[in-house]
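Trainee: What follows is a predicted protein model with its sequence.
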Amino acid sequence: MVDLQELHEAILNGDAKAAAAVTRAALAQNVPALDLIQQAMVPAMDEVGRRFECQDYFVPELLLSARAMKAALEPLRPLLAASGAQPAGTVVIGTVKGDLHDIGKNLVAALLEGGGFEVIDLGVDVAPEKFVETVQQTNANIVCLSALLTVTMLSMKAVIEGLRAAGLREYVTVLVGGAPVTRQFAEEIGADGYGENASAAVALARSCAKSAAVG
Amino acid sequence: MLERPFQERPDFEHLRAVLLRERKDGPVPLLELAADPEIMSEVTGIPYPAARARELVFGIPGSLDPEAAKLGIALMDLSIAYSVKLGLDYATMIPVVPLLRTRAQLAKTGVGRDRALRSWQDEHAGLIPNRDEFLRYRWPSFDQINILPVEYAATRMPDGMKVVLLYRGIFEDLRQLMGFEALAYATADDPELVDDVLEGLTRVAEYTVGLAAAHPATGAVFYGDDMGFSSGTFLSPRFMRQHVVPRLKRIADACHEHGKPFILHSCGNVLALMEDFIAVVGIDAKHSFEDKILPVEDWYARYADRIAIIGGLDMDLLGRGSEEEVRARTRQILQACAPGGGYCMGTGNSAANYIKLDNYYAMIDETRKWNEEHGC
């Protein structure tokens, strides 16, 4: 019998091969896909986030765990699709206009995917209109905005205003982050949340998704 | 506009004494890692095609394009003119190191400002993502490296001014050569590859820094190597101690061998490595501070008994604040850091093209006034 703790450990250790192998073995033994996600994968990524917060893990460990999580999720995707299981949320993510930095944004995207979100990554130097248009087309419920510079972060406000002008603001949660961004700035521009780092951003997205589900 | 130049004549020896914490009296000097060409052009009134220069310098790896060479010489002249105009003790020069890098991307960054075109490092497609590419990579030979900019400046700087050599660090180049994500995976999958790339970069850095530091016109080396983000180091301190710190020491030693101060610029929260930088690497000064991480006064309180502290006026304030706010913050920093010595005023990062020039002038002007009020 497959021990789900092995999957948990494989993700914690960033071992993609082991994570995929344990998942396949579990599926062969008819372990339900949702059990694998809820009992092993999500708790493992929670632990990865906790270790990152207390500086036991760093960016490489986050990426390695996210890679292992993706590898474990791969064999589950067709089963989840067939069962009609919904993603934790749909996230539109991008680095705002004028800014080409995306290490942090990619990290958040990888962790969100690992956390069961559907992620639409618009890349870098993304115009406010593109965010708005994508939210309209995908019915996304979360928008994540990233910036590296103190001047480019001002574009975040334009995205929020664009969402408001399109009548979408009340349907989406806007989360912001990046080197110059502060909680105070997030409040000033009317964002719903600020993630100090990738792990915090994902925790915030999950908490927003939960609130939306409860609401 | 500045009411008056910061000082009547350059005095690098005073700046050097402050960097080495040899004296507590005298004026608080100004020191920056770098100034963007747009800022230098506005300060001096000398036109410079910054956008074109970025395309040439960053766009064609290893290029010896004649137009790039011409713009490179114009940039050296601009740098000296800028230092003279502001009354600085130094002119910043960059050595010629033909290291093949990925093509940088350009983006118009400043909201509504024509001058704010910035180049951005490609963070994905590194030239050395794996061992095969490492074996194919052509490292520059030592005879391809030169310090012509230092030699050029040596005969053109006014008396009392020296070159501060800006050198781009090995960790930044490691990130660019491998691509950040490939680097992150390699730290687990192939740490020997990371070590090999670092070693190649270190050999180049050690040679170049030593060559420049040996030149009598060079006053100090400003070594820029971003190793952290807002809440910690990119890679674990343990990894950095094992693979990077000993190599930083070799580069610092190449500078110290010629009696020149070694200034470390590293953005981000690198507090976990500060003891290594001071005790192992032997840095003389630390630069790059962000209020969001820890205000410069706190860095000063923690480390100024062992190293000099440089700059710290937050980039967000310089970019978005008012002149009055900048003056107030400048004075606040000076009150905390100037009396104990070992402090130079400057921005938290650089005179970047997106800061307000009037704010930059306000910082300089307020420091001049402080110096005058204190009899310097």
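Mentor: Nice, thanks for sending it over.

Trainee: Distance of the spatially most central residue of chain A relative to A:Met45?
Mentor: The centroid of chain A falls nearest to A:Leu112 when counting by CA atoms, centre = their mean (1.8 Å). Distance, A:Leu112 to A:Met45, using CB to CB, to the nearest Å: 10 Å. The way it works is simple: take the backbone N, C-alpha and C, and place the C-beta from them, glycine included.

Trainee: try A:Ala166
Mentor: 33 Å.

Trainee: Which of those two has more residues huddled nearby?
Mentor: More neighbours surround A:Met45 than the other of A:Ala166 and A:Met45, with 25 against 14 (other CB atoms under 10 Å in any protein chain shown).

Trainee: What separation is there between the residue lying closest to the more buried one once chain neighbours are set aside and B:His287?
Mentor: Distance criterion CB to CB, 6 or more residues apart in numbering or on different chains; nearest residue to A:Met45, sequence neighbours excluded, is A:Gly114 at 5.3 Å. Noted for A:Gly114: a distance of 37 Å to B:His287, by CB to CB.

Trainee: again with A:Glu118
Mentor: Distance, A:Glu118 to B:His287, using CB to CB: 43 Å.

Trainee: These two: who's more crowded?
Mentor: Just comparing A:Glu118 and B:His287: by other CB under 10 Å the higher neighbour count belongs to B:His287, 28 against 16.

Trainee: For that one, list each beta-bridge partner.
Mentor: Beta-bridge pairing of B:His287 under DSSP bridges involves B:His265, B:Ile310.

Trainee: Show me which residues of chain A are close to chain B?
Mentor: Residues of chain A lying close to chain B (CB under 8 Å from any CB of the partner chain) are A:14, A:55, A:58-61, A:63-64, A:67, A:98-104, A:106, A:124-125, A:149-152, A:154-155, A:179-180, A:182, A:196-197.

Trainee: residues in contact with A:Arg67?
Mentor: By CB atoms under 8 Å, 6 or more residues apart in numbering or on different chains, A:Arg67 lies in contact with A:14, A:16, A:110, B:185.

Trainee: Just those: which are in helices?
Mentor: A:16, A:110, B:185 (DSSP state H).

Trainee: For B:Leu71, which non-adjacent residue is closest in space?
Mentor: In space, B:Leu71 is closest to B:Ala53, 4.5 Å off (CB to CB, 6+ apart).

Trainee: ditto for A:Val126
Mentor: Among residues not flanking A:Val126 along the chain, A:Gly94 sits closest, at 3.9 Å (CB to CB, 6+ apart).

Trainee: Now do the SS call for the one you found.
Mentor: strand (DSSP: H, G, I helix; E, B strand; the rest coil).

Trainee: what's near enough to touch the closest residue to B:Asp291 other than its chain neighbours?
Mentor: Leaving out its chain neighbours, the residue that sits closest to B:Asp291 by CB to CB, 6+ apart is B:Asp314, at 4.4 Å. Counting by CB under 8 Å, 6+ apart, B:Asp314 makes contact with B:289-292, B:329, B:348.

Trainee: Chain A: which of those is nearest?
Mentor: Nearest to chain A among the contacts of B:Asp314, counting by CB to the nearest CB, is B:Lys292 at 5.9 Å.

Trainee: mind listing what the residue lying closest to A:Gln5 once chain neighbours are set aside touches?
Mentor: Nearest non-adjacent residue to A:Gln5, counting by CB to CB, 6+ apart: A:Ala40, 7.5 Å away. Contacts for A:Ala40 (CB under 8 Å, 6+ apart) come out as A:4-5, A:7-8, A:11.

Trainee: Closest to chain B out of the residues you listed?
Mentor: Minimum distance to chain B across the contacts of A:Ala40 is 13.6 Å, recorded for A:Ile11 (CB to the nearest CB).

Trainee: just checking, A:Glu140 touches A:Val91?
Mentor: That one is not Glu; residue A:140 is Ala. Yes. Between A:Ala140 and A:Val91 a contact is recorded at 6.3 Å, counting by CB atoms under 8 Å.

Trainee: Which neighbours do the two have in common?
Mentor: Joint contacts of A:Ala140 and A:Val91 (CB under 8 Å, 6+ apart) are A:Ile120.

Trainee: Those two: which is more packed in?
Mentor: A:Val91 (29 against 24).

Trainee: Does the more buried one lie in a helix or a strand, and which?
Mentor: strand A:90-95 (DSSP states H and E).

Trainee: May I have the strands that pair with that strand, each with its orientation?
Mentor: Here strand A:90-95 is paired, per DSSP bridges, with strand A:118-121 (parallel), strand A:142-146 (parallel).
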